[in-house]
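**Q** Give me the fold of what follows.
(one chain, ligands or ions: 1)
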Amino acid sequence: MINALTTTQVIEAPFHQIFVCGFASELPHVRWGYFRNGLRPITWPITISIALSLCLLSSRSFSFFPERGCLPLQRRRLTKPQNPLLSPPRRRPNGGGQIRRRRRRRRPSSSSSGVPASTMDRFHKIVLSWDYFRLVADSKGGQQQAKGLGRVKNTYASVAEYLAVFEPLLFEEVKAQIVQGRSDEEEEAGQDWQKGIVASCTESEGFHKVSMAVLDDFREMVSENDLLLLSKEKFEEGVTPSAYAFALVEQRGGRETISLRTFVAGEIKNLNVAKPVSCSRLQRIASIFSTTESFLWILKICSLSTIMREFSGMHSVASLPFKDLILSASEKNSGGNDQNRAWNVPEPLMDYLKTNLNDSQLDAVNAGLSRRSFVLIQGPPGTGKTQTILGLLSAVLHSAPARMQTKGGFDVKKHGPELDIEGKHAHWMKASPWLIGVNPRDLIMPVDGDDGFYPTGNELKPEVVSSNRKYRAHVLVCAPSNSALDEIVLRVLQIGIRDENNNTYNPKIVRIGLKAHHSVKAVSMDYLIQQKLSGVDRSSDGGRRGAGEYDRIRSSILDEAAIVFSTLSFSGSSIFSRMARAFDVVIIDEAAQAVEPATLIPLIHGCKQVFLVGDPVQLPATVISSTAQKLGYGTSLFKRFQAAGFPVQMLKIQYRMHPEISIFPSKEFYEGVLEDGEGLSKKRPWHSYSCFGPFCFFDVDGTESQPSGSGSWVNEDEVEFITLLYHQMAMRYPELKSSSQVAVISPYRHQVKLLKDHFRSTFGDQSKEVIDVNTVDGFQGREKEVVIFSCVRCNKEQKIGFVSDFRRMNVAITRARSAVLVVGSASTLKEDKHWNNLVESAKERGRYFQVPKPFTAFFVDDKLKTMKVERAPPELRTVQALEAINEAVVGQELMDVDDAGDQEDEGYDDDPVEADDGGGDD
Ligand SMILES: Nc1ncnc2c1ncn2[C@@H]1O[C@H](COP(=O)(O)OP(=O)(O)OP(=O)(O)O)[C@@H](O)[C@H]1O
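**A** Okay, the predicted model is just below:
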């Protein structure tokens, strides 16, 4: 009983139990007390003294003085409440215990990623040995030294050369993430320094594993792989900290503790020299760890989960089957095409694909059905990347090796005697690039019947599996961000995919990871686990649910799903480690928006074929370290391969933009290959005025300014003009009074805020419902009928900061279906080649407008008459359109939310896109 006493129980126990505890502890076999998490044994006097400290730490303290009884202090307050967080506790006479050296536990020599455990240990030792104080000081010291850093190249001769380039850049990125550290929200929420008590410390494999007692609120705030700073003193003005070190959260313990990993043997200053250099701050903190009950300040810095997975992904390259292909960025070593062994799509499904995909999309699908291990698909804006992915999924999930397929299904018998399981497996392994070593599906052939049980929230039926089906691939679909991932999950849920007989159905899918958008909750892992649990008979186990059961259910969901959706980072999560079926195919959407190590993470699951879908001419991955950025760390695997001459399937027909909009980006960024789909040149009512689209440049000579303390910029003149421009359009065409129709976007976060504020003060609180204001980065992958773009920069020096990034420019001007209205300073922008071309293009087409102040003069009736293009074409002379024009009455109440229209492409206003928004500051 005493062994089971937790600190909390000790705190809450009546006094006589504490007495019993002390008495019984004299017996050798009950000398140990445990924290509730059962992780670290500690002797009972320590348990009690930590409990005492915790009592005082927490507001619900107790008195242990026998003469006062054992009532909570809320009921019996001490006259002078003490807070041990402010004054260190008295040391026990013997000065606390020594660090115990734990017997080395045998650890697996490599993880599921194929990366040896010692490689991750090295990562931890390097990062945990760093001096936070110095990292911050170095980052403020301007130019960082690029010593020992190499530039990302197109090809590599060996794994060693590859790692020698990528690893130091990744560590630069880790440093930058640490310095950038805590988010503004955390800062605002006052999640500041906390105090903790060293409960125990053990030494293992060179690390010090520290168990810290902390307040529950703080414990709730931290997660596994969070980086914390432990320090004897708070980092404050005028204080020179003497003993501090980083610590990594290994586990949140029971109710009071967190388990931390620290490395205090010394600093590792050179990545190539494993031996740490001893340093006094670490020695001092080591001696604090050795004294149980010592107080330490704790500061949460950032999460290292993602970058650790990237590090692991990067090192996994040595064990990937595509190692040579990845290093050389060449197909030479991948086996090339072998049409004899390619996969065939059943005829009805192929007919569907041929009718519904255009030639370039079909080429991309066919490339996937060949033997090629890596297929790159470049999709310029609006060219149907998602549509192509859905086609690919249908094809991949319902195809068979060419030699095994017959019309209308698959019939192995016609090709010879029935093979046994091993024979079949050997055959499939030879025939298919998608097969993997262990495939339980080969052992459990499907029977006729319902193969889908997941709720998907639409009318589509689950798949009915025919017993003819002998094999189906297991597919992992990834994207760099939650929002990009949910876009594609949603499309699968809404549209479904096609089976071999060309019937639409809902495949069994699961979306794993955090922050799933509410529209896809029905297929999120958490929801599916709950569904499964609610169907389980719990009478036999007394209703208890062990962690093992959750793991089992989770693994079975992963195994049963035909398609698993995950962010790149989460695909490195340990939840895959118990999965019985590896993935045959990995499809990575928005692959050009991920750094190369991130793209390698999902490949560790043993897939045989990889599709990278993206567009390197749109926004790249966000890299925080400017040093790493300059040396090419932001280069995606897609871009590197393309630069090295790897074949790329280009989607060439765009279905979004009016041809007047697409003509410029096609010429400027895609060598003129972009074609327009049918029906895009349809005129809209607002095309009756040349200043309302399809393509305009407004030369506004305003004033830029930089809000103090930010790297961001604002331009109030542009805000004023844009408000007027929107007002004029919305007055004349009320159908545009909807945020599903119109967006204002800008590269700068502060300009976005200013625009939002101005719209709110002009049009009231409902402005959000009539206009969508966002950063360019937050808008990638989205589209609107009308897009107004605020360039912001306006100065004599012609400095345009990151507005000069042509990929950002490309995204900004390709979001609109019928009108893109660019507002900027031509004299500032013209120094940049692409921007100058844009202004010239507008001039050539008579769509360049100089807008002097006052801006209202630009929209007076006489002036507008001069911009009238022609009468609306007959098909637009509807009562509604004419009414809209006639109703253009100045002062009309603009915010008629009844007209707001449906918000379906609003998508992520509230959460994920905001969170993913990488744009903002120069
Ligand atoms: N072959 C096609 N025929 C007709 N319409 C198509 C075709 N392919 C795609 N579309 C249409 O083009 C539009 C854009 O398609 P989709 O969303 O798949 O493009 P995307 O490349 O993913 O877009 P983004 O650039 O935003 O990432 C959709 O309305 C889609 O229905």
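**Q** Point out the residues in the stretch 301-450 of the chain that sit beside the ligand.
**A** Contact residues (CB under 6 Å from any ligand atom) of the stretch 301-450 of the chain with the ligand: Leu357, Asn358, Gln361, Gly379, Pro381, Gly382, Thr383, Gly384, Lys385, Thr386, Gln387. All C-beta spots, glycine's among them, are computed from the backbone N, C-alpha and C.
**Q** Determine which two of those residues are furthest apart.
**A** Pairwise distances across those peak at 17.8 Å for Leu357 and Pro381 (criterion: CB to CB).
**Q** Show me what the helix or strand that contains Leu170 is packed against.
**A** Taking DSSP states H and E as the definition, Leu170 sits inside helix 159-180. Applying 3 or more CB pairs under 8 Å, 6 or more residues apart in numbering; DSSP states H and E, we find helix 159-180 packed against helix 117-129, helix 132-140, strand 295-303, helix 305-315, helix 323-328, helix 596-600, helix 626-630.
**Q** The second one to helix 159-180, inter-axis angle?
**A** Relative orientation of helix 132-140 with respect to helix 159-180: 90 degrees, computed using axes from the mean of the first three to the mean of the last three CA atoms, to 10 degrees.
**Q** Pull out the buried positions in helix 132-140.
**A** Neighbour-count burial for helix 132-140 flags Tyr132, Leu135, Ser139 (criterion: 16 or more other CB atoms under 10 Å).
**Q** where does the last one land on pLDDT?
**A** Okay, so that is Ser139. With respect to pLDDT, Ser139 scores 81.
**Q** Any buried residues in the lengthiest strand in the chain, and which?
**A** Scanning the chain for the strand with the most residues, using DSSP state E, yields strand 194-204. Within strand 194-204, the residues scored as buried using 16+ other CB under 10 Å are Gln194, Lys195, Gly196, Ile197, Val198, Ala199, Ser200, Cys201, Thr202, Glu203.
**Q** Check stretch 792-807 too.
**A** Val792, Arg793, Cys794, Ile800, Gly801, Phe802, Val803, Ser804, Asp805, Phe806, Arg807.
**Q** got the residues of the protein near the ligand?
**A** Counting by CB under 6 Å from any ligand atom, the chain sits next to the ligand at 357-358, 361, 379, 381-387, 655-656, 677, 781.
**Q** got the contact list for stretch 660-678?
**A** Outside stretch 660-678, the residues that touch it by CB atoms under 8 Å, 6 or more residues apart in numbering are 358, 380-381, 383, 617, 650, 652-657, 659, 680-681, 693-695, 806, 810, 813-814, 816, 818-820, 834, 837-838, 841, 845.
**Q** Can you report how many residues neighbour the residue nearest to Asp226 when sequence neighbours are not counted?
**A** With sequence-adjacent residues excluded and distances taken as CB to CB, 6 or more residues apart in numbering, Asp226 is closest to Val249, at 4.5 Å. By other CB atoms under 10 Å, 21 other residues sit near Val249.
**Q** before we move on, what about Val595?
**A** Look at Val595: counted by other CB under 10 Å, it has 29 neighbours.
**Q** sec struct for Ala157, please.
**A** Under DSSP: H, G, I helix; E, B strand; the rest coil, the three-state class of Ala157 is coil.
**Q** swap that for Val210, please
**A** strand.
**Q** thought it was touching Ile288?
**A** No - the criterion here is CB atoms under 8 Å, and Val210 misses it with Ile288 at 9.6 Å.
**Q** In terms of packing, which of those two has more residues around it?
**A** Set side by side, Val210 and Ile288 show more neighbours around Val210, with 28 against 21, by other CB under 10 Å.
**Q** Do a quick rundown of the strands in the stretch 601-750 of the chain.
**A** 609-614, 648-650, 653-654, 675-676, 695-700, 704-705, 714-715, 742-746 (DSSP state E, counting those that start in this stretch).
**Q** mean pLDDT for those: which is lowest?
**A** Here the lowest mean pLDDT among the strands of the stretch 601-750 of the chain goes to strand 704-705, at a mean of 92.
**Q** and Ser242, backbone torsions?
**A** Main-chain dihedrals, Ser242, degrees, to the nearest 10: phi -110, psi -30.
**Q** tally of neighbours for it?
**A** The burial count for Ser242: 12, using other CB under 10 Å.
**Q** One more: His834?
**A** Neighbours around His834, by other CB under 10 Å: 17.
**Q** Unless I misread the structure, it falls within a helix.
**A** Yes - His834 sits within a helix when classified using three-state DSSP.
**Q** Tell me the pLDDT of it.
**A** For His834, the pLDDT comes out at 97.
**Q** helices and strands around the longest strand of the chain, which ones?
**A** Against strand 194-204 (3+ CB pairs under 8 Å, 6+ apart) you get strand 41-43, helix 44-57, strand 100-101, strand 207-213, helix 280-289, strand 295-303.
**Q** before we move on, the earlier item: can you put the strands of the stretch 601-750 of the chain in TSV and add distance to Ile497 and mean neighbour count?
**A** Listed next are the strands of the stretch 601-750 of the chain as TSV, based on distance: least, CB to CB, whole Å; neighbours: other CB atoms under 10 Å:
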stretch	distance to Ile497	mean neighbour count
strand 609-614	15	27
strand 648-650	20	19
strand 653-654	21	22
strand 675-676	26	17
strand 695-700	36	24
strand 704-705	49	18
strand 714-715	46	26
strand 742-746	30	27
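**Q** Turn those into JSON lines, including distance to Leu229.
**A** Shown next, in JSON lines, are those (distance: least, CB to CB, whole Å):
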{"stretch": "strand 609-614", "distance to Leu229": "37"}
{"stretch": "strand 648-650", "distance to Leu229": "45"}
{"stretch": "strand 653-654", "distance to Leu229": "49"}
{"stretch": "strand 675-676", "distance to Leu229": "55"}
{"stretch": "strand 695-700", "distance to Leu229": "47"}
{"stretch": "strand 704-705", "distance to Leu229": "36"}
{"stretch": "strand 714-715", "distance to Leu229": "34"}
{"stretch": "strand 742-746", "distance to Leu229": "36"}
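**Q** rewinding a little: and the longest strand of the chain, which strands flank it?
**A** Partner strands for strand 194-204, per DSSP bridges, with pairing direction: strand 100-101 (parallel), strand 207-213 (antiparallel), strand 295-303 (antiparallel).
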